[in-house]
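Asks: Would you be able to build a 3D model of this:
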Amino acid sequence: MPDLPADALLFSNSRPPGAAVPFAHAADALREHLGGRTLWFAPWAGDDLDAYTGFVADALENVLGPLDVRGLHREPDPAATLRDADPDRETVFVGGGNTFRLRRRTGDNGVLDALRARTDLRYAGASAGSNLACPTIMTTNDMPIVDPGGYDAVGRIPVQINPHYLDADPHSTHRGETREERIHEFHQENAVAVVGLREGAWLHATAGTLTLDGHTARLFRRGHEPEELAAGTDLTWLLATPTS
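Replies: Sure thing, here's the model as predicted:
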C-alpha cells in the first residue's frame, strides 16, 4: 500500500468575517501542522512577492510566536529547494492571490511538479493556494489575467475547493450567475465534487482522513442537491468517492 500524503491545511482565506488578526481563528491547527518546522512560503499568486512574504511571516508570528518563514521565491532554484526539503523539518505554505498567475508561475519554475512529487511534505494553502492543492484550478473565482499553461494542479486532495464561497443574496440587484450556479456549470462538464468553503473555513487532510473545520461549507456533487456542512464534519468518504 502506498504511503499516505502528508497533512494538508487548505483555507478559504486568512481570517473569518469580522476578525482583525489573520490566522488567529486557526492558530491551534496551524501550530500543530507546522510543528516547529521551517516554513517555505510560496507567494507567486501575488504581485509584490517580498511584501507578501513579509506580511504572512509577520501575521503568522503574531499568532504563533517565533517562526522561521522563508520566501521560496528568493531561492536560486525553488523547485530544487522543495525537492531537497526535509519533511521532518520543513513545510510549504502556498499563498492566495490570483490562481491563474500562481499556476503559470509555478508551472514555469518547476514548483508545481516539485509539489506533486513531494507528497511527504506538509502543505498549507489559502485561497489560490488551496485551489492549487486540488486536481485542477477550475473552481477558482479569479479572472484569467494570464494564460495559466494548463488547469491541472497539485492533486493533494481528489476534490475541488471553491474558496470564499458566497451564498446568493435575495436582495441583491446582481443578475449574473450566483456562485452555486457557476459550480452547477462546472458539474455540467466535470464530475469531481466541490466543497464551497465559506470565509473562516478550512479542510484538514491527514492520515487518510478529510475534515471540515473553522466554519461551515457547502458540498456540491453532480446529480445531487447541495448539502450544508457544519464545522467538524467528517468528509473522509469523499477521498474514496470524489466524483459521486
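Asks: what residues are up against F11?
Replies: By CB atoms under 8 Å, 6 or more residues apart in numbering, the residues touching F11 are 26, 124-127, 129-130, 163, 197, 201-202, 214. (C-beta placed from N, C-alpha, C; glycine too.)
Asks: Quick one: mean pLDDT for the helix or strand encompassing H33?
Replies: Using DSSP states H and E, H33 sits in helix 27-34. The pLDDT scores in helix 27-34 average 96.
Asks: So which of the contacts of F11 are in helices?
Replies: 129-130 (DSSP state H).
Asks: Can you get me a residue count around the closest residue to R15 other than its chain neighbours?
Replies: In space, and not counting its chain neighbours, R15 is closest to P22: 5.0 Å by CB to CB, 6 or more residues apart in numbering. Neighbourhood size, P22 [other CB atoms under 10 Å]: 18.
Asks: And L82, by the same measure?
Replies: If we define neighbours as other CB under 10 Å, then L82 has 22 of them.
Asks: so it makes contact with L115?
Replies: Yes: the pair L82 / L115 is scored as a contact, 6.6 Å apart, by CB atoms under 8 Å.
Asks: which residues do those two both contact?
Replies: With CB under 8 Å, 6+ apart, L82 and L115 have common neighbours 92, 121.
Asks: circling back to that earlier point, restricted to strands, list the contacts of F11.
Replies: 124-126, 197, 202 (DSSP state E).
Asks: State the pair within these that is farthest apart.
Replies: For the ones in strands among the contacts of F11, the farthest-apart pair by CB to CB is A124 and L197; their separation is 14.0 Å.
Asks: need the helix or strand of this protein with the lowest average pLDDT.
Replies: Across the helices and strands of the chain, mean pLDDT, DSSP states H and E gives its lowest value to helix 237-240, namely a mean of 93.
Asks: Tell me the helices and strands packed up against the helix ranked longest in the chain.
Replies: Identified as the longest helix of the chain according to DSSP H is helix 49-64. Helix 49-64 sits against helix 27-34, strand 38-42, strand 69-71, with contacts defined as 3 or more CB pairs under 8 Å, 6 or more residues apart in numbering; DSSP states H and E.
Asks: I'd like the ones you listed written out as CSV, with distance to D58 and mean neighbour count added.
Replies: As requested, the helices and strands packed on helix 49-64 are exported to CSV (distance: least, CB to CB, whole Å; neighbours: other CB atoms under 10 Å):
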stretch, distance to D58, mean neighbour count
helix 27-34, 14, 17
strand 38-42, 12, 23
strand 69-71, 9, 17
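Asks: Now render those as CSV, adding distance to P148.
Replies: Shown next, in CSV, are the helices and strands packed on helix 49-64 (distance: least, CB to CB, whole Å):
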stretch, distance to P148
helix 27-34, 27
strand 38-42, 15
strand 69-71, 22
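Asks: Nearest approach to A51 belongs to which of the ones you listed?
Replies: strand 69-71 (10.4 Å).
Asks: Please name the strands paired to that closest one in the sheet, noting orientation.
Replies: strand 38-42 (parallel) (DSSP bridges).
Asks: Send over the partner strand as CSV, restricted to the C-alpha atoms.
Replies: The C-alpha trace of strand 38-42 is given here as CSV (Å, rounded to 0.1, in the frame of the first residue of the first chain):
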residue,chain,number,x,y,z
THR,A,38,10.8,25.9,8.7
LEU,A,39,8.0,27.3,6.5
TRP,A,40,8.7,27.9,2.8
PHE,A,41,6.2,30.5,1.7
ALA,A,42,5.2,30.4,-2.0
